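# Everything below, folded, please.
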Amino acid sequence: MFENLQDKLDRAFKVLKGQGSITEINVAETMKEIRKALLDADVNYKTAKTFTDDVKEKALGLNVLTAVSPGQLLTKVMNDELAALMGGEVTELDTKNNPTIILIAGLNGAGKTTFTGKLALHLKGKGKKPLMVAGDVYRPAAVDQLQILGEQIGVPVYANTVSKDPIAIALEGIAEGKKNNNNVIIIDTAGRLSIDESLMNEISEVKAQTKPHEILFVVDAMTGQDAVNTAKIFNDRLDFTGVVLTKLDGDTRGGAALSIKSVVNKPIKFIGTGEKMEALDVFYPDRMASRILGMGDVVSLVERAQMQFDEKEAAELQKKIRKNKFDFNDFYNQIQQIKKMGNMKDLMGMIPGVGKMMKNVDIEDDAFKNVEAIIQSMTPFEKENPDSIQQSRRLRIAKGSGNKIEEVTKLIKQFEDMRKVMKQFSNPAAAAKMMKNMPKMPQGRM
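Numbering: from 1, shown residues only. All right, here's what the predicted structure looks like:
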């Protein structure tokens with residue numbers, strides 16, 4: 001996501017490289033390149049023009065400090081303005097009502113049913129007790145899909161396979177949720193075309209009858225500017241409360257994310273970043289702005305890690321590391337938790353500077369496949385006693401995992417090195433001594 005836009009913005013900022021000050025001429029030239037980059041990313045033309053005019057005005061109104069280059073200053077202005085363009089501050093989902101009724105709407109194929117499951121799992125993780133209502137009576141297997149997702153994430157689904165009346169089903173689902181003390185009721189609806197008047201009337205009636213507290217418009221980010229135009233039509237009919245952008249892990253140019261708030265004046269509340277049920281993020285405009293400019297998003301990375309790592313387990317693991325008892329079972333469990341955090345390339349893109357370095361590097365979705373195969377080919381004794389894995393055992397593990405013996409030896413060596421470092425850093429005094437003895441980086445100007 002946003003890789004092409006990031007490249008073009010980098011080239012635009014090079015116009016200011018080596019310039020001693022910000023002038024009307026060099027800023028105008030940079031803004032011209034930035035506007036072209038935004039239009040190439042399928043950003044609405046009026047939005048792109050207003051945005052670059054605002055950036056230019058603010059940049060020219062600032063004095064360049066001796067410690068800050070014009071390029072750095074413009075990056076700061078761009079970051080602030082991009083965040084403002086996408087909504088400024090995060091807009092949380094309103095779930096204070098009991099029950100909170102959430103209506104999901106959008107075009108055919110936008111990913112509404114999958115998002116319904118992801119949202120239910122997200123709210124379940126926040127301590128809520130959600131119920132999903134299968135209100136898509138038109139798409140074959142839509143009800144089955146939601147029921148499968150419900151089983152997968154442990155969330156109940158209300159379905160009426162006999163009725164073809166989406167309004168009646170939605171009301172039945174709300175009644176069921178109230179009866180079972182579900183404090184969030186998420187109603188999945190059929191996809192529809194904005195030009196299909198009868199279906200648009202139908203969802204308007206579903207809204208009128210169910211009186212939802214939140215109406216989330218789900219849109220496929222890969223449709224670019226079309227997504228924004230569709231959002232405007234739906235908003236005119238439904239007056240939705242927020243937007244969900246799906247498929248942001250795909251080959252999208254990012255225009256929808258940058259344009260939609262300014263066109264419909266409704267916040268983006270969630271973004272879908274992958275196929276897995278956990279691949280849903282609350283949308284933070286400031287963090288997204290940083291990622292677009294290649295500055296990473298460490299806060300989101302840490303939050304994802306915190307969601308997967310249990311404090312009690314972490315404390316137990318710390319004890320094992322101190323006693324040098326960290327074994328391949330622990331290593332395997334850590335890999336599973338990292339995998340739950342999301343796509344590896346996406347995670348690395350959250351580390352400042354790494355995103356650009358990894359731009360042309362192809363990282364498989366299952367980057368740990370060989371490591372997992374090697375560990376799974378070990379006996380329980382070997383997993384608990386890594387030092388016991390000598391040549392004959394390595395040969396058997398290599399055959400069992402479909403790898404060369406060199407790959408097994410390499411993993412064991414890396415594991416041993418990692419254990420040594422982890423043990424040293426588990427001791428604060430030893431860690432401080434190590435940091436003190438590290439060679440100092442040469443000082444230089446940014």
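
# make it CA atoms for all contacts and neighbour counts henceforth
OK.

# What average pLDDT does the top helix by length along the chain get?
The single longest helix within the chain, with elements called by DSSP state H, is helix 405-426. For helix 405-426, mean pLDDT is 81.

# residues in contact with that helix?
Helix 405-426 is contacted by residues 318, 321-324, 326, 371, 374, 386, 394-395, 397-398, 430-431 when judged by Cα atoms under 8 Å, 6 or more residues apart in numbering.

# could you dump it to CSV, C-alpha only?
Coordinates of each C-alpha in helix 405-426 appear next as CSV, following Å, rounded to 0.1, in the frame of the first residue of the first chain:
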residue,chain,number,x,y,z
ILE,A,405,21.3,-30.7,7.1
GLU,A,406,23.1,-27.3,6.6
GLU,A,407,19.7,-25.6,7.1
VAL,A,408,19.1,-27.4,10.4
THR,A,409,22.7,-26.7,11.6
LYS,A,410,22.2,-23.0,10.7
LEU,A,411,18.9,-22.7,12.6
ILE,A,412,20.4,-24.4,15.7
LYS,A,413,23.5,-22.0,15.6
GLN,A,414,21.2,-19.0,15.2
PHE,A,415,19.0,-20.3,18.1
GLU,A,416,22.1,-20.7,20.3
ASP,A,417,23.4,-17.2,19.5
MET,A,418,19.9,-15.7,20.2
ARG,A,419,19.8,-17.5,23.6
LYS,A,420,23.1,-16.0,24.6
VAL,A,421,22.0,-12.5,23.7
MET,A,422,18.6,-12.9,25.4
LYS,A,423,20.3,-14.1,28.5
GLN,A,424,22.7,-11.2,28.6
PHE,A,425,19.9,-8.7,28.0
SER,A,426,17.7,-10.3,30.7
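
# roughly how far out does that helix sit from the chain middle?
The chain centroid and the centroid of helix 405-426 are separated by 31 Å, computed with Cα atoms, centre = their mean, to the nearest Å.

# Which parts of the stretch 301-446 of the chain are helices?
Secondary structure of the stretch 301-446 of the chain (DSSP state H, counting those that start in this stretch): helices located at 311-322, 328-340, 344-348, 354-357, 369-376, 380-384, 391-401, 405-426, 428-437.

# how deep is the nearest residue to residue 90 once chain neighbours are set aside tucked in, by neighbour count?
Counting by Cα to Cα, 6 or more residues apart in numbering, residue 90 lies nearest to residue 284, which is 5.0 Å off, once chain neighbours are set aside. Counted with other Cα atoms under 10 Å, the neighbours of residue 284 add up to 21.

# do the one 3 residues further on as well
Burial of residue 287, expressed as a neighbour count using other Cα under 10 Å, amounts to 19.
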